[in-house]
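J.: Next one to model:
(4 chains)
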Protein chains: 2
Amino acid sequence: MAARKGAGVLELAVLGLLHESPMHGYELRKRLNVLLGMFRAFSYGSLYPCLKQLLADGLIVEDRPEEPGTPLALQSRRSKIVYKLTADGKERLQRLLTEAGPASWEDEGFGVHFAFFSHTRADVRLRILEGRRSRLEERLESVRAALARTRERVDSYTLELQHHGLESVEREVRWLNELIGRERAEQEQQARRYENKQDKPRDRGR
Amino acid sequence: MAARKGAGVLELAVLGLLHESPMHGYELRKRLNVLLGMFRAFSYGSLYPCLKQLLADGLIVEDRPEEPGTPLALQSRRSKIVYKLTADGKERLQRLLTEAGPASWEDEGFGVHFAFFSHTRADVRLRILEGRRSRLEERLESVRAALARTRERVDSYTLELQHHGLESVEREVRWLNELIGRERAEQEQQARRYENKQDKPRDRGR
DNA sequence: TTCGTCATGTAATGGGTTACATGATTAC
DNA sequence: GTAATCATGTAACCCATTACATGACGAA
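T.: Numbers count the residues shown, from 1 in each chain, chains lettered A, B, ... in the order given. A predicted model of the protein is given here:
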């Protein structure tokens, strides 16, 4: 119980990766930094405390590969600790993937949420993509407006920076548009398939 | 004195903006979020403490526009507080702009440093641009390598994300290449002009 | 006179990094 | 046997955010 505000993106990322396969911390970090390499990088200083917390919450369990017959003397030698999701952990992951709040379309969270889209419900995927898009469009609009108001006296470097920034964001919006288009098409196809399964195909075509 | 690790990017941004013209906090934040709107946004919760600190350090002074003739009774009514740089502040700004350390090419710092390039020495500009570029190229290489190793079994969304990430970074690298080219050309032109001022143009053309 | 924006601030919190410390395993 | 990498962890700190609280000022 106890609401637990959650450890932000890291928690989702860790649960998501562990859902695919059990892993130890070091490998987890590597995979994390490949998965999100272009956007962010986590350090051990945040990863291990996060694992500790997840463990305490019973969302993961550790599997220390100590051979049962090992003599006591060697029992304590530190070794790889493989973590895997518990049932609670899976549940938690599912909830995190379904609650598509603002956090899932802000810069920090979007990438992580996107990375696990294949485990996310289609309608939630769409919500996240659209949320992200409108977030970016807000930003574009506000910057464009401010830019128009203060067109006077701006040195060329500032202009260059803003220009590049605008283009980057516009590019991401186009990318999102494409993804949203694909998602919608897929959803419609799904709907048609469903419709066909029912007999009496009344009211075809919208 | 007292080394003062500095308040990160915000300090530079505030000093830089105040160097262009005195301003009060509210306006400062607005300008900040136009200047860097595409990359980040600061809140009052960080801005005002920063101003307070800069004030304490004597890098800025506040100018409360209280008319000299105002009756004492009205003296304390809160009003706009305009800040402006002191001589120490200008010195500090200059130092921040000249010390082109790693912070100036990491994601958080690059935009801010770039925004004030027109007040930055040409050689420092080049160092920052090149530092940024090699930082991004490192990232590209490490992600590409990891991608090649784990090409097997990756779901299409992860792939899509990484693809988009790679393209974005590649695009920024191209942008940097262009900027670096321009900077170099300008520097050479400058050098030629200098050379021409000297008589005896010995050793022309490298 | 009330609503929206301008304007200034503080306290609690947060999510993360850096730097450090240690030990195991592998390749040479 | 030693250097590099794998592997786990902690403590101190940092920069900024959120949420809150206050108040001035102009327009409807």
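J.: which element is residue A:100 on?
T.: For residue A:100, there is no host helix or strand (DSSP states H and E).
J.: Ramachandran angles for residue A:86?
T.: phi -100, psi 180 (degrees, to the nearest 10).
J.: any idea how far it is from residue B:192?
T.: 70 Å (C-beta to C-beta, to the nearest Å). For the C-beta atoms, the positions are set from N, CA and C on the backbone; glycine is no exception.
J.: neighbour-wise, which of those two wins?
T.: Here residue A:86 and residue B:192 are compared on neighbour count by other C-beta atoms under 10 Å in any protein chain shown; more neighbours surround residue A:86, at 17 against 12.
J.: measure the more buried one to residue A:11 for me?
T.: 14 Å.
J.: biggest helix in chain A, by residue count?
T.: Scanning chain A for the longest helix, with DSSP state H as the assignment, gives helix A:156-197.
J.: Show me what that helix is packed up against.
T.: Under the contact definition 3 or more C-beta pairs under 8 Å, 6 or more residues apart in numbering or on different chains; DSSP states H and E, helix A:156-197 sits against helix A:122-149, helix B:25-35, helix B:107-115, helix B:156-197.
J.: pretty sure residue A:61 belongs to a helix, no?
T.: No. Going by DSSP: H, G, I helix; E, B strand; the rest coil, the assignment for residue A:61 is strand, not a helix.
J.: Would you mind naming the residues that bridge with it?
T.: Bridge pairing for residue A:61 (DSSP bridges) gives the partners residue A:84.
J.: Might you report the residue contacts of it?
T.: Going by C-beta atoms under 8 Å, 6 or more residues apart in numbering or on different chains, residue A:61 touches A:55, A:83-84, A:86.
J.: out of the helices and strands packed on helix A:156-197, deepest packed?
T.: Stretch with highest mean neighbour count among those: helix B:107-115 (a mean of 20; mean count of other C-beta atoms under 10 Å in any protein chain shown).
J.: closest to DNA strand C among the contacts of residue A:61?
T.: Lowest distance from DNA strand C to the contacts of residue A:61 (C-beta to the nearest atom of the strand) belongs to residue A:55, with 15.9 Å.
J.: give the contact list for that closest one.
T.: By C-beta under 8 Å, 6+ apart, the contact list for residue A:55 reads A:61-62, A:83.
J.: now with 6 Å?
T.: Residues near residue A:55 by C-beta atoms under 6 Å, 6 or more residues apart in numbering or on different chains: none.
J.: okay, now the domains of chain A?
T.: A:8-66+A:80-112, A:121-197 (automatic domain parsing).
J.: hang on, the earlier thing: could you export the contacts of residue A:61 as TSV, including pLDDT?
T.: Formatted as TSV, the contacts of residue A:61 follow (pLDDT from 0 to 100):
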residue	pLDDT
A:55	94
A:83	96
A:84	94
A:86	96
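J.: Among those residues, which pair sits farthest apart?
T.: Using C-beta to C-beta, these span at most 11.1 Å, a distance reached by A:55 and A:84.
J.: So what's the gap between the longest helix of chain A and the chain middle?
T.: The chain centre lies 17 Å from the centre of helix A:156-197; the measure is C-alpha atoms, centre = their mean, to the nearest Å.
J.: Just want the angle from it to helix B:156-197.
T.: With axes from the mean of the first three to the mean of the last three C-alpha atoms, to 10 degrees applied, the angle from helix A:156-197 to helix B:156-197 works out at 160 degrees.
J.: Now do the same for helix A:156-197: mean pLDDT, whole number.
T.: Mean pLDDT, helix A:156-197: 92.
J.: any idea of the angle it forms with helix A:107-115?
T.: Here helix A:156-197 runs at an angle of 30 degrees relative to helix A:107-115 (the same axes, to 10 degrees).
J.: pretty sure residue A:41 contacts residue A:33?
T.: Yes. Between residue A:41 and residue A:33 there is a contact at 4.9 Å, judged by C-beta atoms under 6 Å.
J.: Below-threshold pLDDT in chain A: ranges please.
T.: A:1-6, A:65-78, A:151-153, A:199-206 (pLDDT under 70).
J.: Enumerate the residues of it near chain B.
T.: With C-beta under 6 Å from any C-beta of the partner chain as the criterion, chain A meets chain B at residues A:34, A:37-38, A:114-115, A:117-118, A:143, A:146, A:155, A:157-158, A:161, A:164-165, A:169, A:175.
J.: what comes up buried for stretch A:47-62?
T.: For stretch A:47-62, a neighbour-count test (16 or more other C-beta atoms under 10 Å in any protein chain shown) marks A:47, A:50-51, A:53-54, A:57, A:59-60 as buried.
J.: Determine which two of these are furthest apart.
T.: Spatial extent of the buried residues of stretch A:47-62 (C-beta to C-beta) is set by the pair A:47 and A:57 at 15.7 Å.
J.: How many residues are close by the residue of chain A found nearest DNA strand C?
T.: Closest residue of chain A to DNA strand C, C-beta to the nearest atom of the strand: residue A:45 (2.2 Å). When neighbours are counted by other C-beta under 10 Å, residue A:45 registers 8.
J.: where does it land in three-state SS?
T.: Going by three-state DSSP, the secondary structure assigned to residue A:45 is helix.
J.: Pull up the gap between it and residue B:150, please.
T.: Applying C-beta to C-beta, the value for residue A:45 to residue B:150 is 25 Å.
J.: Apart from its neighbours in sequence, what residue is nearest residue A:62?
T.: Closest residue in space to residue A:62, ignoring its immediate chain neighbours: residue A:81 at 4.9 Å, by C-beta to C-beta, 6 or more residues apart in numbering or on different chains.
J.: Could you double-check that that neighbour sits in contact with residue A:23?
T.: No. In this structure, residue A:81 is not within contact of residue A:23 by C-beta under 6 Å, at 9.9 Å.
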